[in-house]
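>>> How does the following fold in three dimensions:
(one chain, ligands or ions: 1)
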Amino acid sequence: MLATDGDRLRCSLEAMARVGATADGGVTRLALTDEDRAARELFATWAREAGCEVRCDAIGNVFARRPGADPSLPPVMCGSHLDTQVNGGRYDGAFGVLAGLEVCRRLNDLAIATVAPVEVAVWTHEEGARFPSSCTGSAVFSGALPVDAARALRSFDGPTLGEELDRIGAAGAETPGEHPASAYLEAHIEQGSKLEASGDVIGVVLGIRGIRQLEVIFLGAQAHAGSAMADRRDALVGAADVIQRVRRIAREATGGASATVGQIEAKPNAQSVVPDYARMLIDARREGLEPPDGLVRQIRDQVAEVAAQDGLGVELKQHWTYGPIAFDEGCVGTVREVAGELGLRHLDIVSPAGHDAGYLAEVVPTAMIFVPCRSGISHSPAELAEAEHLEAGCDVLLNVVLRRARPA
Ligand SMILES: [Zn+2]
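Predicted coordinates for the structure are as follows:
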């Protein structure tokens, strides 16, 4: 089994964290800003120094290819993203990209040629922090989102994604998704605390859990705040009842679940008026890889019950649907096998958050490798992963990639 150079990986992560560094130790590197351009350039420089050929597709996804002995074979791909949230962490995304780079550097150190090429991908705008879409580059690569639709996304600070792509010169000639890959492996911090709790070093990621969001609108009757209580049709009281019921459903769900009313709006939202309108967004997620359909059904039933009980009109529609996504059994099996052979304690895990790997899984056999992050904290300057865990995750990536790309 091969080992990576943990010090070099740590130094690269530190250097990358200086691009867009904030005063309190975080990173602000929003997609397609000048900071993102600097990060892309730093990565491309390092990749070329490691003997890789670097190219971009039309949505700005970057691919650094270490050639294989048989150039006709599709590459074994790994990678992640370099954009961050506002005042985000140093490891989310950057770890997967720089672990991929370390794989290429280590293969160079050891003068190991592979039969298939090895490629490190940097996906455009994973975080959803600047444009109203997440995992945008990987969605376009997988065919889930047309390039033109992605280019038309307007940023929260003004310009469109296409305008920013052109401004920083990140778009290449290649049609997204045009070039195939034989596998995709993404190393990432867990962004949860299961590994920390179990004392395991490697999360063998089985897939990404499903998310459903429902929009519910209650329609009642507007009235004076001094009117009798008996005849009221108060839309906001109905919403409050639903919030309580949603929490109970998730708490009592067998196998575990999370359900949240994260957004609520009342009209006329005035101090002396009974609200006749309440809109809320309900987010429902089950533990594991089963679709959260049962959970959604229970929530729908409760919404209908509250509406009937309070004499409210109700409009209910699916707001957002994501996953669940099961990763490729062969790739997942190789991650588990390699972790075991390296003597690393590992745990099968389902990702609570979406990742580029979710879109890649639709077109390429895919798996992810998680490493612990302290207290599960991410999207924060307090995000922290231990150097030894990062190195262990990178070791797993190296050996999985080598097994897939095969020594020449
Ligand atoms: Zn990420």
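>>> Note down every partner strand of the least confident helix or strand in the chain by mean pLDDT and its orientation.
Least confident helix or strand, the chain: strand 313-322 with a mean of 92, by mean pLDDT, DSSP states H and E. Strand pairing for strand 313-322, using DSSP bridges, gives strand 211-219 (antiparallel).
>>> Whichever helix or strand comes after the strand it pairs with pairs with which strands, parallel or anti?
Reading on from strand 211-219 to the C-terminus, the next helix or strand found by DSSP states H and E is strand 223-224. Applying DSSP bridges, strand 223-224 is found paired with strand 273-274 (antiparallel).
>>> Need the residues that contact the partner strand.
When contacts are defined by CB atoms under 8 Å, 6 or more residues apart in numbering, strand 273-274 is touched by residues 220-225, 227, 232, 234. (Each C-beta comes from the backbone N, C-alpha and C, glycine too.)
>>> Quick one: those residues as CSV, columns for distance to residue 331, neighbour count and pLDDT too.
Compiled in CSV, the contacts of strand 273-274 are given as follows (distance: CB to CB, whole Å; neighbours: other CB atoms under 10 Å; pLDDT from 0 to 100):
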residue, distance to residue 331, neighbour count, pLDDT
220, 52, 23, 98
221, 56, 16, 97
222, 57, 15, 98
223, 60, 16, 97
224, 63, 9, 97
225, 60, 9, 96
227, 63, 12, 95
232, 57, 15, 95
234, 53, 22, 98
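>>> near the ion, from those residues?
Among these, none lies close to the ion by the criterion of CB under 5 Å from the ion.
>>> Give me the average confidence score over the helix or strand following the least confident helix or strand of the chain.
Per DSSP H and E, the first helix or strand lying C-terminal to strand 313-322 is strand 325-326. What strand 325-326 shows for mean pLDDT is 96.
>>> Against which helices or strands is the following helix or strand past strand 325-326 packed?
Downstream of strand 325-326, the first helix or strand assigned by DSSP H and E is helix 329-341. If you count contacts as 3 or more CB pairs under 8 Å, 6 or more residues apart in numbering; DSSP states H and E, helix 329-341 packs onto strand 183-189, strand 202-208, strand 346-351, strand 366-371, helix 387-405.
>>> circling back to that earlier point, going by neighbour count, which residues in the least confident helix or strand of the chain are buried?
Across strand 313-322, burial judged by 16 or more other CB atoms under 10 Å covers 314, 316, 322.
>>> what's the answer for stretch 45-55, then?
Applying a neighbour-count criterion of 16+ other CB under 10 Å, one finds 46-47, 50, 52, 54-55 buried in stretch 45-55.
>>> cool, stretch 234-251 as well?
So, applying 16+ other CB under 10 Å, buried residues of stretch 234-251: 234-242, 245-246, 249-250.
>>> Can you tell me what sits against that stretch?
With contact meaning CB under 8 Å, 6+ apart, stretch 234-251 is reached by 216, 218-220, 257-261, 264, 266, 274-278, 280, 282, 284, 295, 298-299, 302-303, 306-307, 310, 312.
>>> mind listing which of the residues you listed are in strands?
Among the contacts of stretch 234-251, the members falling in strands (DSSP state E) are 216, 218-219, 257-261, 264, 266, 274, 277-278, 280, 282, 284.
>>> still on that earlier bit, in helices, which of the buried residues of stretch 45-55 appear?
Using DSSP state H, the subset of the buried residues of stretch 45-55 located in helices is 46-47.
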